[in-house]
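J.: predicted model and sequence follow; I will ask about them next.
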Amino acid sequence: MSDDLDENPRAFLDVCIGDDGPTRRITIRLFHEDTPKAVDNFLMICRGDAGSINLTNPNRLIRLCYSGCTFHRVVDGFMIQSGDITLNDGRGGMSVLDQIRDEEFVGDPAEEKTFEDENLGWKSMNEAGLVCMANRGPDTNTSQFFITLDDCSFLDGKHTVFGKVETGLDVVRDIGKVKVGENNKPVEDVVIVDCGQYFPESPQLKSHHQPPPPRRPRSRSPSQRRHRRHRDHHHRRRSRSPRRHHSRSRSPRRHKRHRDDDEEEYTRDDPDAEERILREEREREGRRWDNMPSNSAADEPEVKFKGRGTMRYRERKRWGGAGDSYGRLN
């Protein structure tokens, strides 16, 4: 017997009770090692792998899938039954093992496609939530199945047990309590709105998607902390906006000049301001040279040389004119 949760596939049925009821999920663990044919048949129908077929009685195209099927028989305290993928009323159903797509069937498809019982009695039907194949006698398994609501051990050896409800047993019990009419058919439809194979997330995959743990701060020596502070300070200084370095030129358009009280105020809108300021500078330089002491020969310093008498040293003076860059001899 195979009860290993990791080696068996799983399937899900999304069920809606009534027209306005919420969609609720039932997940089923399948015993593939013990009942491989029943499990393969059930999974192919859940996934819709068998495609569609054209029926001639009645004449219509149907999809071989549990989606859209109803639970056509409900007996409280016993079981709930579904899986009629051809007629959806309990009279049909078919096996999809070795199914050829778009195959045309004549007559009742339930009599055309069946498969034999397998491993009868390997598991007792003594609990709720067991998923079993429904049949009309030995070796007449189609697509119909039922889920037990209580101990049904009186059916041991008559039906193939191929799965067990893993989650959603409360949904199964709620279906068992719906109001039914003739032939135990629910008054309100209980519909399988979606189905398929269920892949639970493995612990390895779950841990792979988790964010990494936060990194612990690394302890640093005092010298390393000083180096880090110096580096951060240097980085902040470089990241500031560069300062504007003003030119040291004496252009009247960039700097304000000190003038005497009698000078006219400089304005940028005056077109003759630059010429006027240059003229004022020349006049100011001329007044400065006029106030200096005279450079006559009597006032020049005397330089005495041994054995040669007295010589006069005539110093070279700079001229403060507007266009001259060198002085002249007096």
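T.: Structure's in. What do you need? Numbering: from 1, shown residues only.

J.: so where's the stretch 201-330 of the chain shaky on pLDDT?
T.: 202-220, 233-271, 287-330 (pLDDT under 70).

J.: and the nearest residue to Val190 once chain neighbours are set aside, what does it touch?
T.: Among residues not flanking Val190 along the chain, Phe71 sits closest, at 4.3 Å (C-beta to C-beta, 6 or more residues apart in numbering). All C-beta spots, glycine's among them, are computed from the backbone N, C-alpha and C. By C-beta atoms under 8 Å, 6 or more residues apart in numbering, Phe71 lies in contact with 15, 80-82, 175, 186, 190, 192.

J.: what would those look like in CSV with neighbour count and secondary structure?
T.: Below are those laid out as CSV (neighbours: other C-beta atoms under 10 Å; DSSP: H, G, I helix; E, B strand; the rest coil):
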residue, neighbour count, secondary structure
Val15, 26, strand
Ile80, 25, strand
Gln81, 19, strand
Ser82, 27, strand
Ile175, 21, helix
Pro186, 19, strand
Val190, 22, strand
Ile192, 20, strand
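
J.: out of these, who's nearest Thr148?
T.: Of all the contacts of Phe71, Ile80 has the smallest distance to Thr148: 8.8 Å, by C-beta to C-beta.

J.: that closest one against Ile147, yeah?
T.: Yes: using C-beta atoms under 8 Å, Ile80 is in contact with Ile147, at 5.4 Å.

J.: okay, and the common contacts of those two?
T.: Val172.

J.: circling back to that earlier point, can I get the contacts of Phe71 in CSV with distance to Pro9 and pLDDT?
T.: Below are the contacts of Phe71 laid out as CSV (distance: C-beta to C-beta, whole Å; pLDDT from 0 to 100):
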residue, distance to Pro9, pLDDT
Val15, 20, 96
Ile80, 22, 97
Gln81, 22, 97
Ser82, 19, 96
Ile175, 23, 96
Pro186, 29, 95
Val190, 25, 96
Ile192, 18, 96
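
J.: correct me, but Arg73 touches Asn88?
T.: No: applying C-beta under 8 Å, one finds Arg73 not in contact with Asn88, separated by 11.9 Å.

J.: ok, back up a step: distance of the residue nearest to Val190 relative to Val191?
T.: According to C-beta to C-beta, to the nearest Å, Phe71 and Val191 sit 8 Å apart.

J.: over to Gly90?
T.: Computed as C-beta to C-beta, the Gly90 to Val191 distance reads 15 Å.

J.: between the two, which is the more surrounded one?
T.: Val191 (21 against 18; other C-beta atoms under 10 Å).

J.: any idea what sits nearest Leu87, other than its immediate chain neighbours?
T.: Leu87 sits nearest to Gly93 (C-beta to C-beta, 6+ apart), 7.7 Å away.

J.: and Arg73 and Asn88? which has more neighbours close in?
T.: Arg73 (21 against 17).

J.: per-residue pLDDT, the more buried one?
T.: If you check Arg73, the pLDDT there is 96.

J.: which one is it nearest to, not counting chain neighbours?
T.: Distance criterion C-beta to C-beta, 6+ apart; nearest residue to Arg73, sequence neighbours excluded, is Gln81 at 4.1 Å.

J.: show me the contacts for that neighbour.
T.: Residues near Gln81 by C-beta under 8 Å, 6+ apart: 71-74, 90, 134, 144-146.

J.: can you count the residues close to Lys177?
T.: Counted with other C-beta under 10 Å, Lys177 comes out at 12.

J.: do I have it right that it meets Ile80?
T.: No: if you go by C-beta under 8 Å, Lys177 and Ile80 don't touch, sitting 10.1 Å apart.

J.: can you give me the helices in this structure?
T.: Under the criterion DSSP state H, helices of the chain are mapped to 36-47, 109-112, 169-176, 203-209, 222-239, 273-290.

J.: what does the third one contact?
T.: When contacts are defined by C-beta under 8 Å, 6+ apart, helix 169-176 is touched by residues 15, 17, 24-26, 71, 74-77, 79-80, 128-129, 147, 149, 165, 190.

J.: what's around Ala273, how many residues?
T.: 16.

J.: could you find the closest non-adjacent residue to Ser153?
T.: Using C-beta to C-beta, 6+ apart and skipping the chain neighbours, the partner closest in space to Ser153 is Asn126 (4.4 Å).
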